Each structure stands twice: as structure tokens, then as C-alpha cells.
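> here is a sequence together with a model predicted from it:
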Amino acid sequence: MQQNKLFSQTRWQLAIWYASVMSFILGLLGFGVERAIIHAHWQTLDREIEVVAGTLHDDVEKDLRQPGRLEPTIQQLTQIPQRDKRHVLGAIHQGDYYARFLSLSGENVAALGFLPDGLPLTPGEPMWQTLTDSQGNRYHQISLSLHTQDNRPWGYIQVGRSLSDVDAYLANVKLVLLLGLPSAIMLVAVSSWWLAGRAMQPVYQSYQQIQQFTADAAHELRTPLAALSATVESALRSPHLPEPEAREILQTVNRQNQRLTALVADLLLLSRMERQSLLVQHQLCCLNDIISDLVEELESLALAAAVTLKAEIKVYKPLQIVGDEEQMYRLVTNLMVNAIQYTHTGGCVRAILDKEDDRAIIRVVDTGIGIAPEHQQRIFDRFYRVNSDRSRMTGGSGLGLAIAMAIVQAHKGSLEVHSELGKGSTFTVRLPLGVATGSARADIQPRDRD
């Protein structure tokens, strides 16, 4: 594939597009994961600050009497961690939290916990604020309004928390994502190249088959076309042709034309089969009749080759399959003609019909030249011939067995070959049996006998 520029470029394009799309998706996923983690941590942080601030607010507000004046309650609050370490206000004295009380004018009345240096004093109206001290450390705080016992505005309480641990954690998350995303993209790029190659492999194989088919078809067509051209040129060089010679030339042209017509018809049939547009008519085909008819029809061909041709029907009842009768005739004809052509003078070809379980078995056995093991897997390829010289002498084009295999596959069957050099070959066709005799379904057409 790499030696073909078109497929190499296509593979690169597929790999680049796949890697680009996957990188974009991974980037969006990474961004979404980061946003989700940040949102979850901020939500947890807000709830934590709200709990601490709410508890402190409730404990302070119930003892306030005059606006802007903090009662001795604050002194009691400073003693809470020593009395009860489990109290939520103990968080104020652990270094992460601070609390400060602002009057209505915005003046700092008092503070609890560790108040960072250089932390700006902000108005109390905004509920949530994120502040930065003189050293660049960030803090997140909430502002709640305070009221006296007689419901007069007292001022504000601001409870904040250091974001150093949160920022450190989120920085590690970003680092992991920044380092992990390029690594993931590299793996995606390598996988894209491999997947593009896997995806292109069937296309490349089809392309090679088309190239081979084109070359083989051109080679096969060239021989009869060359013969036609030579015959016509010979006739044109003779201004006055005797009638016997002219008739012989016309017979030669007709013979080559028939060969071309048969070859083109076979190629079109194979092309339709490859596109899966070969129509298999649903009708009952009696294999007994097909075998018997073909043995009679091919008897003259066997006599001309000095080969004995006979049928062996090993079943007592007619075997019927659901399929296309014309194609069944073509299948068995190709196998029997192939056997006759490759059997020595004095040999024998037998067409055997049998049954195994729910399948009909057709065996064409010959005592011919046989097929070497290295050729047995390729004889069903188009234009493949074990002995090219003999095929040309008998008029074969190398398409008979390929057509036979295609017909068998279209009928959901199988075709196998067993052969030994010098001893002969056995072609075995297995086809699923149709409905029993006399019980044909309405959608199956019975065969019309003349």
C-alpha cells in the first residue's frame, strides 16, 4: 500500500482527519473535566464557608444590643476551640479561616482567626468576594448583615478562607491535563495511522483485484482480437477470394466472435455477482433432472474427448432445492465440462448426486491429470489456469470455476475440491435442500417440465 501514492496520501489524510477530530474531542473533554472539577470544588468551598459563617453569625447576632458595638460575646467565641474542638467555630482558629466585623460605615470593629496582611477592606454589601493579599495569596469570603436584638442594622460579618490548598490542587489538575492531553493525542495519532491502514486494506485489496482483473481481461481479449485482426488483414490482402476460402475466413471470424461473446457474457455475469445484484429466482429445482439432462447433453463432448461420462444417482427420491434452475445448469455444466477437458483419453467422469442430512451433495469425479496442492486454493480465481496451454487448446478462459463458485455462494452453498496429481479430482457441491416434494410454498415456483 505504501508503494501506491494514491493510497498512501489517502491513508495520511484519513489519519490526520481522525487524529484532528479525536484531539478536538479530547480537548473539549479535558476542558469539561477541568470546569467540572473547579465547579465542584467551588461549590464545596462555598457550602463550607456558608456553614462556618452562618454558625458564627447566629452566635454573635443574638447578643448584639447597639449598632457598631461588639459585645463581650466575641471573648466567649475565642474560648470555643478550647472548650469544644468539635465546634464548627474551631475552624476560625486553624489558620485557614478569618472573620472580621464591619460597622455600617465600613470600619473594622474586630477580627477573629488569622487575618492576612494587606488584605483589602471591602464593603459588606456584596455577598461573595475573592480577594488577594499583599503576597498574592487568594481568599474567598462571604458577607452577611448583622442586626441587633431589636432588629436594628448593626453592620456586617465577613468570613473568609484561604484558597492556597484549593489553588494548589487545581494547579495539579491542570498540570495533569496539560501533560496528559499531548500524550493522549500522540497515542491517538499512532492509532489513527494504524486504523487508517486497517480501513484502507479492504479497499486496497479490491483495487488490486480490479487491476488484476483488468489485466487478465485485457490478456484474454487480446488473443481473439488478434486472431480476428490477422484474419481480416489476410482477407484484405487478397483482392479475389475463392468462395471456399472466403467461407473458411468467415467461419474463423464467427468462431472468434463467439469466443469473445462468451467471454464478455461471463465477465458481465461475474460483475453482477460481485455487486450482489444477481437475481436468484425462488423456484424448486430437481437436481435429479439436472444431472440426467446434462449427462445426455454433454455425451457428445465426452465422446469427442474419448472420455466415459456417466451419472450416479444415490437417492431414491427426487432432491429439490430452492434456487435458480438456469444457474444450477450453469454450475453443473461448468464442473462437468472442466472435468472432461482435463481427463486423459480413456478416462472417466462421474456426476454423483447424494444427500447428507439437510443438504444435497453433487460430486463431479474425474480420473484426469489432477491439481497440485499449491494450486487448489487458486483455481476458483478468475482467469487462473493450472495448465494455460491446455486451456487455450480446449477454449477455456479460466472463468468457469469462478462462475461456479459465485453461483454456489449465491445459493448459500459450498464448493470444495480434493485432488491428487495423476489420479484425478473431485469437486463437491453442498446445497441446502428446499421444501419437501409436494409441499411447495406459495412463493416458490415449481419447475415446468417439457
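That came in fine, so what should we check first?
> every contact and neighbour count from this point should use C-alpha atoms.
OK.
> show me the shaky parts of the chain.
Applying pLDDT under 70 to the chain flags residues 1-4, 73-95, 216, 219-220, 273-281, 383-398, 435-450.
> state the next helix or strand along the chain beyond the longest helix belonging to it.
Longest helix in the chain, counting residues (DSSP state H): helix 164-237. Next along the chain after helix 164-237, taking DSSP states H and E as the criterion, comes helix 243-274.
> for residue 20, helix, strand, or coil?
helix (DSSP: H, G, I helix; E, B strand; the rest coil).
> burial of it, as a residue count?
16 (other C-alpha atoms under 10 Å).
> ok, it - contacts?
Contacts for residue 20 (C-alpha atoms under 8 Å, 6 or more residues apart in numbering) come out as none.
> and the longest helix of the chain, what does it pack onto?
In terms of contacts (3 or more C-alpha pairs under 8 Å, 6 or more residues apart in numbering; DSSP states H and E), helix 164-237 is packed against helix 5-61, helix 243-274.
> these: which one's closest to residue 161?
For residue 161, the closest of those is helix 5-61, at 7.2 Å, according to C-alpha to C-alpha.
> that closest one vs helix 164-237, what angle?
160 degrees (axes from the mean of the first three to the mean of the last three C-alpha atoms, to 10 degrees).
> gap between helix 5-61 and the chain center?
Relative to its chain's centre, helix 5-61 lies at 30 Å (C-alpha atoms, centre = their mean, to the nearest Å).
> what do you get for stretch 232-244?
Distance, centroid of stretch 232-244 to centroid of chain: 62 Å (C-alpha atoms, centre = their mean).
> list the buried residues in it.
For stretch 232-244, burial by neighbour count (16 or more other C-alpha atoms under 10 Å) applies to residue 235.
> what's the end-to-end length of that stretch?
The first and final residues of stretch 232-244 sit 16 Å from each other (C-alpha to C-alpha, to the nearest Å).
> using the centroid of the chain, identify the residue furthest from it.
residue 66 (77.5 Å; C-alpha atoms, centre = their mean).
> so who does the closest residue to that residue other than its chain neighbours touch?
Ranked by C-alpha to C-alpha, 6 or more residues apart in numbering and with sequence neighbours excluded, the top spatial neighbour of residue 66 is residue 148, at 6.3 Å. Residue 148 makes contacts with 61-67, 154, as judged by C-alpha under 8 Å, 6+ apart.
> got the residues you listed as TSV, with distance to residue 126 and secondary structure columns?
Converted to TSV, the contacts of residue 148 look like this (distance: C-alpha to C-alpha, whole Å; DSSP: H, G, I helix; E, B strand; the rest coil):
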residue	distance to residue 126	secondary structure
61	19	helix
62	23	coil
63	24	coil
64	22	coil
65	24	coil
66	23	coil
67	20	coil
154	16	strand
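> quick one: residue 64 and residue 147 touch, right?
Yes: Residue 64 lies in contact with residue 147 (C-alpha atoms under 8 Å); the separation is 7.2 Å.
> any common contacting residues for the two?
Common neighbours of residue 64 and residue 147 (C-alpha under 8 Å, 6+ apart) are residue 154.
> ok so residue 412 is a strand residue?
No: counting by three-state DSSP, residue 412 is not part of a strand but coil.
> that one contacts residue 434, doesn't it?
No: with contact defined as C-alpha under 8 Å, residue 412 does not count as touching residue 434 (11.8 Å).
> which of these two has more neighbours?
residue 434 (23 against 12).
> residues contacting the more buried one?
Taking C-alpha under 8 Å, 6+ apart, one finds 284, 320-322 in contact with residue 434.
> name the SS class of residue 145, please.
Residue 145 - assigned by three-state DSSP - is strand.
> quick one, phi psi at the closest residue in space to it that isn't next to it in sequence?
Using C-alpha to C-alpha, 6+ apart and skipping the chain neighbours, the partner closest in space to residue 145 is residue 156 (4.4 Å). Main-chain dihedrals, residue 156, degrees, to the nearest 10: phi -140, psi 150.
> so what's the residue most central in space within the chain up against?
The residue lying closest to the centre of the chain (C-alpha atoms, centre = their mean) is residue 199, at 7.7 Å. Residues near residue 199 by C-alpha under 8 Å, 6+ apart: none.
> please tell me how far it sits from residue 19.
Counting by C-alpha to C-alpha - residue 199 and residue 19 are separated by 15 Å.
> same thing with residue 271?
37 Å.
> neighbour-wise, which of those two wins?
A count of neighbours by other C-alpha under 10 Å puts residue 19 above the other of residue 271 and residue 19, at 21 against 13.
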